[in-house]
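Enquirer: make a model of this:
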Amino acid sequence: MVRSGIIAKKMGMTTLFLDSGEACAVTILSLEGCCVVMKKSGSLQVGSGKNRVCTKPMRGHFARASIEPKKILREFRVSSEASLEEGTVFSADYFPEGHFVDVTGVTVGRGFAGAMKRWNFKGLRASHGVSVAHRSHGSTGHRKDPAKVFKGKKMAGHLGCEQVTLQNLKVLKFDVERGLILVKGSIPGSDGSWVQVRDAIKKTAKQSIDPLLGVVSAAL
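Expert: Below is the predicted model:
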């Protein structure tokens, strides 16, 4: 069974003390009124966040489902038994404590970076004839044959702003009233960015869960 994922906003990180006394770093995710905008064949369109500036066609799209305009939309594939109706609002307990999830987000942009920062190169020697080019990546080309630099060569260039998925992150706690989910560890993206959270694909068979768990059907 494939359940729908949700869209959440990364609020930041904090420390959570477990019952055992262990201090654990967690990331706080806010649902921001995440709900189903459109029901399709084999998939669901999910929206989250408030959108104050919306075009007329999009206003009609949201009005058809009788919900407020959303700031961000994403589509998730779902199986027929896990499909939800339009206007269904996701609650913070959609992923119970101890559940494993996969989180997808866009990493922080670092701009143009050298080979040492981008690829963790050690750089050139600090002495013995090396001057000026201590942080360079060294030789990149060849001789007469093949007389070119192969594509994909690790060199200096743009770092960050890439879509990354972290798998098997554990949900440690949730707050239904405030719509918060606490996930163990760090996730991609800066504070205030949007991420997609779905059931861990590598642990789906081991996680037996009600497809409607934590979902409250209501129109915004």
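
Enquirer: what's the separation between residue 139 and residue 131?
Expert: Distance of residue 139 to residue 131, computed by C-beta to C-beta, to the nearest Å: 17 Å. Any C-beta I mention is one placed from the backbone N, CA and C, and that applies to glycine too.

Enquirer: would you say residue 161 is within a strand?
Expert: No: looking at residue 161 with DSSP: H, G, I helix; E, B strand; the rest coil, it is coil, so not inside a strand.

Enquirer: correct me if wrong: it contacts residue 109.
Expert: Yes: because the distance of 4.1 Å satisfies C-beta atoms under 8 Å, residue 161 is recorded as touching residue 109.

Enquirer: may I see the buried residues of stretch 93-101?
Expert: 93, 94, 95, 99, 100, 101 (16 or more other C-beta atoms under 10 Å).

Enquirer: stretch 189-202 too?
Expert: For stretch 189-202, by 16+ other C-beta under 10 Å, it's 189, 194, 195, 196, 197, 198, 199, 200.

Enquirer: just stretch 116-134 next, same as before
Expert: Across stretch 116-134, burial judged by 16+ other C-beta under 10 Å covers 116, 118, 121, 124.

Enquirer: check stretch 72-87 too.
Expert: Buried residues in stretch 72-87 (16+ other C-beta under 10 Å): 73, 74, 76, 78, 82, 83, 84, 86, 87.

Enquirer: which two from these end up farthest apart in space?
Expert: 73 and 82 (19.3 Å; C-beta to C-beta).

Enquirer: can you tell me the closest non-neighbouring residue to residue 167?
Expert: residue 102 (4.9 Å; C-beta to C-beta, 6 or more residues apart in numbering).

Enquirer: in what helix or strand does the one you found lie?
Expert: strand 100-106 (DSSP states H and E).

Enquirer: and stretch 137-144, C-alpha only, in CSV?
Expert: C-alpha atoms of stretch 137-144 as CSV (Å, rounded to 0.1, in the frame of the first residue of the first chain):
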residue,chain,number,x,y,z
HIS,A,137,42.5,20.6,-7.6
GLY,A,138,45.6,19.8,-9.6
SER,A,139,45.9,18.3,-13.0
THR,A,140,42.6,17.6,-14.9
GLY,A,141,43.6,16.9,-18.5
HIS,A,142,45.5,14.3,-20.4
ARG,A,143,48.2,14.2,-23.1
LYS,A,144,47.7,14.2,-26.8
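
Enquirer: after the host helix or strand of residue 25, which helix or strand is next? Please name it.
Expert: Per DSSP H and E, residue 25 falls inside strand 23-30. As assigned by DSSP H and E, the chain's next helix or strand after strand 23-30 is strand 35-40.

Enquirer: kindly export that following strand (C-alpha atoms) in PDB.
Expert: This file holds the C-alpha atoms of strand 35-40, laid out as PDB (Å, rounded to 0.1, in the frame of the first residue of the first chain):
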ATOM      1  CA  CYS A  35      -4.400  19.200   2.600                       C
ATOM      2  CA  VAL A  36      -5.500  17.400  -0.600                       C
ATOM      3  CA  VAL A  37      -6.200  19.800  -3.400                       C
ATOM      4  CA  MET A  38      -7.100  17.400  -6.200                       C
ATOM      5  CA  LYS A  39      -7.800  13.700  -6.500                       C
ATOM      6  CA  LYS A  40      -6.400  12.100  -9.600                       C
END
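
Enquirer: when you give positions from now on, start the count at 715
Expert: Sure, I'll start numbering at 715, so the last one becomes strand 749-754.
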